[in-house]
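**Q** Sequence and predicted model, in that order:
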Amino acid sequence: METRDQQSAASKEQQINQGEPKASNPTQPVQDGNVAGQETRTLPTHSMPLPHGHSVPGNSLPVFPHHADTFTGLPQPIFDNGAFANPNAMIPPSQQVLVPNGSVMAQTANGNALSADDIALYDRQLRLWGMEAQQKIQSANIVIITMKALANEIAKNLVLAGIGSLTVVDDQPVTEADLGAQFFLSEENVGQSRAEAAVGRIQKLNPRVKVVADSGSIMTKGASFFGNFDIVIATDLSPTLLAFINTATRLHNRQFYAAGTYGFYGYIFCDLIEHDYVVQRDKPNVPTAIGSETRTRSIVKVENQKEDGKPIEKVQKRELYSTWDLASETSLLPSEYLKSKRRLKAVTPTLSCLRALWAFQQVHNDRFPEHNKQDLEAFTRSATHNHQLLSLPAETLRSEFLRSFLQNVGSEIAPVAAILGGQLAQDVINVRGQRQQPIQNMVVFDGDKMEAEMYPLHPEGNLGRAQLELSTNPMMPIGPVDTSHILPMDQAGMMMGTHGV
């Protein structure tokens, strides 16, 4: 017979168990996410009911067909079950701001705030580069010119990263050839504007990003058009158009990327004019000196701090850049290459062929070489000349490679576009975050070797902003520019000690 105390204890235990799920027996079979013979119960505070059809049969894992459904499908945030981090817990107390509805927002150093939803959505990114960098990414206004396979990859990665806005400029219609390597288009889009056909699917990737289509010709925009953006990305354009756009971005103090693919080969070029970034590292035994590191890179500021009782140093570095026309035509490899036969031999002949292709287009009204004797001889002479100009050994430029390069010109291969598009988009993110060294200044992809090597190509003389006068071509239809209205790049905002880098 149970005593009164035993009955009371049993009653209390029964009340507690009514609010908790029974532990499942690991030996019992699981069907449709439930243990056989056990009634399905909804937890009172930690449940996660999903819309119908949003689970995988057999394991009950949530599946959201659309990006926006990831959080809208949940009735309340799940913070303490190990699956979703509490976004408020990631915000340091010094950066917390209470809003009228009682939630917490992250106050960044420049006064702009990240909402709790933003923090939850971009949780993985915040763990990589922090709130300050994410806020800079979310404030970025970027334009992509020409929406082909390479631009598809760039746009996808930038929109998923959460940039502020993306403008797609393309005046060409969708053709059947576009369907082979582009995932934002379908057969129903053939004949439509390539820009307008792509933006709908781009927008679905991240509803928080403003995506705009512009089906006008880039040559009708004028130089002032590029002043509306923080970063200008031009893909698969002729060297003449790239020179015009780069001149306009220089005049408006805007960062510029150019990229293109030719089958198994491709390139990325960037002109950031003058770009500052911060490297944080353990404090070395020898103090870091302010001054030049290379011809293009210098240390402009060093700051010593303690983090968790450990001495660290924050080194602010500055990279100087050259314009497209100077880097793509006559610039030589750095002196460290010229002093090493081994390094010269390792340089891909793709660089010589790219320069020969760009030179051919400038002479022949932007067209590609055709498969006739005259064009092939002209291209071969130009490639050989550029190979010699770069001081590269003659044995690395073989006829088989010239033939392979020309056979690839004019084609798009999705994996190559994915590699270069991912690398360019990542560099844009790094540039906005100002926490890592950016591309300097030409990346050449050789599909035969599956290598994407970076080559700093600069002319003799001044670099950075000092090249502004040299980059202004009077033949370009850019018109007069009032320099008093030129907007500065967002570099002062990252100075150490004032913006919590």
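**A** Okay, I see it. Numbering: from 1, shown residues only.

**Q** Show me the shaky parts of this structure.
**A** Applying pLDDT under 70 to the predicted model, the residue ranges of the chain that meet it are 1-114, 120, 127, 129-130, 469-501.

**Q** Just give me the longest helix of it.
**A** Among the segments of the chain that qualify as a helix by DSSP state H, the longest is helix 414-433.

**Q** in its sheet, what does the next helix or strand after that one sit against?
**A** Secondary structure here is assigned by DSSP states H and E; on that basis, the next helix or strand after helix 414-433 toward the C-terminus is strand 442-446. The sheet places strand 442-446 alongside strand 265-271 (antiparallel), strand 451-455 (antiparallel), with pairing taken from DSSP bridges.

**Q** could those strands go into a markdown table alongside mean neighbour count and distance to residue 324?
**A** C-beta coordinates here come from the backbone N, C-alpha and C atoms, glycine included. A markdown table is the format used below for the strands paired with strand 442-446 (neighbours: other CB atoms under 10 Å; distance: least, CB to CB, whole Å):
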| stretch | mean neighbour count | distance to residue 324 |
| --- | --- | --- |
| strand 265-271 | 25 | 6 |
| strand 451-455 | 15 | 14 |
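
**Q** List the residues that contact the closest residue to residue 431 other than its chain neighbours.
**A** Spatial nearest neighbour of residue 431, chain neighbours left out: residue 438 (5.1 Å); criterion: CB to CB, 6 or more residues apart in numbering. The neighbourhood of residue 438, defined by CB atoms under 8 Å, 6 or more residues apart in numbering, consists of 270, 272, 275, 277, 319, 427, 430, 431.

**Q** Distance to residue 372 for the residues you listed - can I get that in CSV?
**A** Shown next, in CSV, are the contacts of residue 438 (distance: CB to CB, whole Å):
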residue, distance to residue 372
270, 35
272, 40
275, 44
277, 48
319, 43
427, 38
430, 44
431, 42
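
**Q** coming back round to it: tell me what angle the longest helix of the chain forms with strand 451-455.
**A** When axes from the mean of the first three to the mean of the last three CA atoms, to 10 degrees is applied, the directions of helix 414-433 and strand 451-455 differ by 40 degrees.

**Q** OK, contacts around residue 266?
**A** Contacts of residue 266 were listed using CB under 8 Å, 6+ apart, and they are 150, 259, 260, 416, 417, 420, 444, 445.

**Q** Determine which two of those are furthest apart.
**A** Spatially, the most separated pair among these is 417 and 444, at 15.3 Å (CB to CB).

**Q** who's in contact with residue 187?
**A** Neighbours of residue 187 in contact, by CB under 8 Å, 6+ apart: residue 179.

**Q** you'd agree residue 347 is up against residue 396?
**A** Yes. Because the distance of 7.4 Å satisfies CB atoms under 8 Å, residue 347 is recorded as touching residue 396.

**Q** So for those two, which sits in the more crowded spot?
**A** Regarding residue 347 and residue 396, a neighbour count based on other CB atoms under 10 Å identifies residue 347 as having more, with 21 against 15.

**Q** Quick check: phi and psi at residue 312.
**A** Torsion angles at residue 312 (phi, psi; degrees, to the nearest 10) stand at phi -130, psi 170.

**Q** Tell me if I'm right that it and residue 280 touch.
**A** Yes. With contact taken as CB under 8 Å, residue 312 and residue 280 are classed as touching, separated by 6.1 Å.

**Q** From residue 453, how far out is the residue nearest to residue 227 when sequence neighbours are not counted?
**A** The spatially closest residue to residue 227, leaving aside those adjacent along the chain, is residue 252, at 3.6 Å (CB to CB, 6+ apart). To residue 453, residue 252 is 31 Å away according to CB to CB, to the nearest Å.

**Q** Kindly report the same for residue 420.
**A** For residue 420 relative to residue 453 (CB to CB), the value is 12 Å.

**Q** Common neighbours of those two, please.
**A** Taking CB under 8 Å, 6+ apart as the criterion, residue 420 and residue 453 both touch residue 443.

**Q** Sketch out the strands for the stretch 301-450 of the chain, chain order is fine.
**A** With DSSP state E, counting those that start in this stretch applied, the stretch 301-450 of the chain shows strands at 310-320, 442-446, listed in chain order.

**Q** CA atoms only for the last one, dumped as PDB, please.
**A** Yep, that's strand 442-446 we're talking about. The C-alpha atoms that make up strand 442-446 are tabulated as PDB, following Å, rounded to 0.1, in the frame of the first residue of the first chain:
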ATOM      1  CA  MET A 442      44.300  40.400 -63.500                       C
ATOM      2  CA  VAL A 443      43.200  36.800 -63.000                       C
ATOM      3  CA  VAL A 444      43.600  34.500 -65.900                       C
ATOM      4  CA  PHE A 445      41.800  31.100 -66.000                       C
ATOM      5  CA  ASP A 446      43.400  28.300 -68.000                       C
END
